[in-house]
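Student: here is a sequence with its predicted model. Questions after.
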Amino acid sequence: YVISALDFAKEMGAKTVYLVTNPNPYKMTIVDVTIHANTGPEIVTGSTRMKAGTATKMILNMISTTTMIKLGKVYGNLMVDLMAVNEKLVDRGTRIISQITGLDYESAKAKLFEAEKSVKIAIVMEKLNCSFEAAKNALKNENGFLRKIINT
């Protein structure tokens, strides 16, 4: 299954990565990148959720976090490209807006709703004192990178 998935990814033009924690991994010649994290033997033989599983999770977290940064979804150490689609995310988005803009919590929450629950748009609206459409266009013009707009 894995090799078929890698072949399909190649056919689609995607880059492929082989992440392995075995000390003597199978040699994959069809991948673009091999990440070999030799974690050594498990404390409990056969329990791959411990060292190997933890190492795999950490590596995938590093890759996804780096991707989010490169795509402009992060400002400083804050994940700003979120849509507040539930109560928990409304609270998180409000706190992020407050932290970046200096607005009090209630004003930040109002700005979030004015921005149709888009944290990035709310921040741009406040920082540039502009409309929803102007903020949306500013983000589009900068490929979604908030820092290019508010750090000028």
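Tutor: Alright, I've got the coordinates.

Student: tell me the contacts of the residue located most distally from the centre of the chain?
Tutor: Most distant from the centre of the chain: T45, at 33.9 Å, with distances by C-alpha atoms, centre = their mean. Not one residue lies near T45 by C-beta atoms under 8 Å, 6 or more residues apart in numbering. Where C-beta positions appear, they are placed from N, C-alpha and C, glycine not excepted.

Student: pull the number of nearby residues for D32.
Tutor: Neighbours of D32 under the rule other C-beta atoms under 10 Å: 13.

Student: from K15, how far out is it?
Tutor: 5 Å (C-beta to C-beta, to the nearest Å).

Student: now A108
Tutor: 39 Å.

Student: one more: A138?
Tutor: Taking C-beta to C-beta, one finds A138 at 31 Å from K15.

Student: the two: which is more packed in?
Tutor: Set side by side, A138 and K15 show more neighbours around A138, with 20 against 9, by other C-beta under 10 Å.

Student: next, A108: phi, psi?
Tutor: Main-chain torsions, A108, degrees, to the nearest 10: phi -60, psi -40.

Student: so it makes contact with I97?
Tutor: Yes: in this structure, A108 is within contact of I97 by C-beta atoms under 8 Å, at 4.0 Å.

Student: overlap in contacts of those two?
Tutor: By C-beta under 8 Å, 6+ apart, the residues touching both A108 and I97 are A122.

Student: who has more neighbours out of those two?
Tutor: Using other C-beta under 10 Å as the criterion, A108 and I97 rank with I97 on top: 28 against 23.

Student: for the more buried one, give me its contacts.
Tutor: I97 neighbours (C-beta under 8 Å, 6+ apart): 103, 108-109, 111-112, 119, 122-123, 126.

Student: how does it look with 10 Å?
Tutor: The contact partners of I97, taken as C-beta atoms under 10 Å, 6 or more residues apart in numbering, are 78, 80, 84, 103, 105, 107-112, 115, 119-120, 122-123, 125-126.

Student: put the buried members of those into a PyMOL selection.
Tutor: Buried residues within the contacts of I97, by 16 or more other C-beta atoms under 10 Å, are selected in PyMOL with:
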select buried, resi 78+80+84+103+108+109+111+112+115+119+120+122+123+125+126
